[in-house]
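Q: Predicted coordinates and the sequence they were generated for:
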Amino acid sequence: MKLSVSSLLFTLFFAACSGSGADLGDIQDSGQDPGEDTLAPLDEGPLEPEGPIANVFMQSPLQDEGLTLVSLPALTDPDGFLSGTNAIVRNCINEPGGPFILCNLKQTAQPGSDGSYLHILPSDDTDPDDPFAEVMMYYHMTTAHEYFTATLGMNPLPVPLLAIVNVQLNFFGSWQPFDNAAFMPKETLQQFQIEGIDEDAIVFGQGTNIDFSYDAAVIRHEYTHAMIGATRLSGTAYDEHGVDSASMAMHEAHADYFAATMSDDPVIGSYALQVAAGVDLSRDLSRFRSCPEDMVGEMHADGEIYGSALWAIREAIGAELADRIIFDALLNFTPAMNFKIAAEMVLARAQQEGPEVSSAITQAYAERGLLDCKRIKAYEDFTVSQDGDMPTFMEGTQSTGILAFSDFVPGYLQYAVEIPEGTKAVRVMLVVPQQQGFGFGGGGVDMDVVWRHDGPITYNYPAGGAAITQADAIMHLEPTGNSFYEVVVSGSCLTAGTHYMQFQSRTEGQNQIHGMILGFLETDTGNGEYICSD
């Protein structure tokens with residue numbers, strides 16, 4: 001998918017969120033037995049009115065046949081603006097007065113003369129200021145809050161969670177759509193000098209074609225991110241094969257899972273991630289995904305692997321028990337974890353429910369390779385197309401927070417490459433668009449390709465020192481044109497059979513590989529650095 005300026009900023013925003021260290025909104029264990037579910041089914045609205053009434057989409061304009069009458073509980077604002085005990089919603093109005101490049105934050109949704117909000121109805125999907133976005137946001141935030149507290153026993157947040165809707169960005173006097181939604185810790189928001197905000201927030205864009213606040217699953221997804229918090233599943237782990245993005249992928253997986261289980265629908269973004277992109281980028285947790293076959297090194301895509309296991313657990317043992325086991329295990333997750341440790345913690349909790357439950361959960365994880373997930377996959381050429389393919393993400397030396405990788409950072413994945421008989425050299429070609437100067441250290445592309453012939457590439461970690469690469473050759477990728485880089489690999493190690501390839505970045509900021517192609521040459525045109533010492 002072609003990235004707009006606002007999409008690029010979202011990528012950078014979320015990267016900043018990942019390492020911010022904010023702890024407001026972390027899940028807390030109440031020590032209570034929550035008992036039976038207390039929520040009304042989400043497709044029927046509340047059982048009894050608890051506040052002024054309004055109309056909302058229970059899922060989205062694409063999925064619902066019409067609007068549903070609901071109540072807006074726990075409002076506390078004397079003028080009827082959508083501020084309450086557990087949620088505060090502000091509208092990002094496209095007018096002067098906002099901070100930096102942002103719109104002006106106001107509240108516009110108020111009750112009519114009858115005390116209801118029934119006069120506030122959906123408007124055009126491209127309306128940058130509509131108050132219906134506020135109503136949708138407030139209602140679905142409060143139902144998510146009720147689910148986490150009454151059903152799962154989470155302690156309420158110490159302050160109401162802030163949501164900002166209809167976000168667009170002003171560049172050179174022109175308002176640009178923001179085609180995404182994000183959870184942003186307060187530290188990230190403070191970088192943009194937004195006056196009066198001293199808390200975490202969930203932020204929803206007014207996109208090119210749609211309003212992201214009109215998709216209830218996306219609201220629940222971002223709300224779950226806030227419940228998990230900025231210090232849980234937010235770091236980068238590392239092991240013998242390099243850096244591991246599993247923690248951030250599992251942040252996405254749990255946000256997807258709890259949004260899906262609240263909706264009783266495994267698809268996230270049926271509206272927002274189809275209409276906005278023009279192609280289907282929705283994530284379906286019922287679709288089988290496994291490690292390492294479906295890994296790409298991007299947190300949302302890799303999160304589908306773990307998320308598919310969580311949904312399989314739900315189908316095997318039922319929603320109520322699955323939600324409780326998954327939530328209880330999540331309480332003990334740390335910032336940097338891998339799939340195996342997470343699965344073991346869920347299984348430890350499942351053992352309290354008996355051998356049948358434990359066996360079903362073990363099967364779900366084992367079938368998806370999550371009990372011993374190696375980040376090594378069979379190599380295939382790829383290019384990012386307009387059909388929703390994800391690029392391969394590369395961390396930078398300032399984005400991992402790992403001192404051992406302050407000089408270089410290996411990619412999340414390495415590849416098993418089958419070298420055909422008669423091959424004398426391999427041309428490695430990458431497409432890596434240079435990132436703009438935002439985020440961790442700015443843009444630039446400075447990357448190497450690493451090769452080994454006798455087993456996977458590994459890393460040693462001397463105490464307090466830089467990581468040491470165990471490989472046969474490290475060769476620099478040279479630019480050959482706009483966003484194109486290549487190197488030709490040759491030497492005595494280049495024999496027929498399985499070899500292992502990985503990329504390392506020396507760039508301060510993050511990069512994305514949009515294309516990767518290998519050419520197997522019958523003539524040696526390389527630099528001969530791939531030399532065996534045995």
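A: Cool, got the structure.

Q: show me where the protein has helices.
A: Taking DSSP state H, the helices of the chain run over residues 5-18, 132-146, 186-191, 216-228, 246-263, 272-275, 299-317, 319-330, 339-350, 355-367.

Q: For Val159, which of the ones you listed is the nearest?
A: Among the helices of the chain, the nearest to Val159 by CB to CB is helix 186-191 (10.7 Å). Bear in mind the C-beta positions are built from the backbone N, C-alpha and C, glycine included.

Q: For the closest one, give the mean pLDDT please.
A: Averaging pLDDT along helix 186-191 yields 74.

Q: Buried ones in that helix, by neighbour count?
A: 186, 188-189 (16 or more other CB atoms under 10 Å).

Q: what about Asn332, how many neighbours?
A: Counted with other CB atoms under 10 Å, residues neighbouring Asn332 total 15.

Q: tell me the contacts of it?
A: Met345 (CB atoms under 8 Å, 6 or more residues apart in numbering).

Q: And it, how far from Ala348?
A: 9 Å (CB to CB, to the nearest Å).

Q: Ok, Asp125 next?
A: Separation of Asp125 from Ala348 (CB to CB): 46 Å.

Q: Between these two, which is the more surrounded one?
A: When neighbours are counted by other CB under 10 Å, Asp125 and Ala348 differ, and Asp125 comes out ahead with 17 against 14.

Q: distance of the nearest residue to Gln59 once chain neighbours are set aside from Ala336?
A: Closest residue in space to Gln59, ignoring its immediate chain neighbours: Ala216 at 5.3 Å, by CB to CB, 6 or more residues apart in numbering. Ala216 sits 31 Å away from Ala336, taking CB to CB as the criterion.

Q: Neighbour count for those two, which is higher?
A: More crowded of Ala216 and Ala336, by other CB under 10 Å: Ala216, with 28 against 20.

Q: Which residue is the nearest non-sequential neighbour of Glu486?
A: Met429 (4.5 Å).

Q: ugh, typo on my part, it should be Leu152
A: Nearest non-adjacent residue to Leu152, counting by CB to CB, 6+ apart: Phe327, 4.8 Å away.

Q: Report the beta-bridge partner residues of the residue lying closest to Tyr379 once chain neighbours are set aside.
A: Setting aside the residues directly before and after it, Tyr379 is nearest to Tyr415 in space (CB to CB, 6+ apart), at 3.9 Å. According to DSSP bridges, the partner residues bridging Tyr415 are Lys377, Met501.

Q: ok, now the one 10 residues further on?
A: When bridges are assigned using DSSP bridges, the partners listed for Ala425 are Leu521.

Q: Next, the contact list for it, please.
A: So Ala425 contacts 488-490, 494, 521, 523-526 (CB under 8 Å, 6+ apart).

Q: For burial, what's the neighbour tally of Val203?
A: Neighbours around Val203, by other CB under 10 Å: 23.

Q: Relative to Pro131, how far out is it?
A: From Val203 over to Pro131 (counting by CB to CB), the distance is 17 Å.

Q: Equivalent analysis for Ala255, please.
A: Distance of Ala255 to Pro131, given as CB to CB: 26 Å.

Q: neighbour count winner among the two?
A: Ala255 (26 against 22).

Q: and the more buried one, what does it touch?
A: Ala255 neighbours (CB under 8 Å, 6+ apart): 221-222, 224-225, 228.

Q: Distance check, it against Gly297.
A: For Ala255, the distance to Gly297 equals 19 Å [CB to CB].

Q: Just give me the neighbour total for the nearest residue to Met295 once chain neighbours are set aside.
A: Once flanking residues are discounted, Met295 sits nearest to Asp302: 5.5 Å by CB to CB, 6+ apart. Counted with other CB under 10 Å, residues neighbouring Asp302 total 29.

Q: same check, this time on Met516
A: 21.

Q: who's in contact with it?
A: 381-383, 392, 429-431.

Q: Out of the residues you listed, which end up buried?
A: 382, 392, 429-431.

Q: quick one: contacts for the nearest residue to Gly97 once chain neighbours are set aside?
A: Nearest non-adjacent residue to Gly97, counting by CB to CB, 6+ apart: Asn104, 4.1 Å away. By CB under 8 Å, 6+ apart, the contact list for Asn104 reads 92-98.
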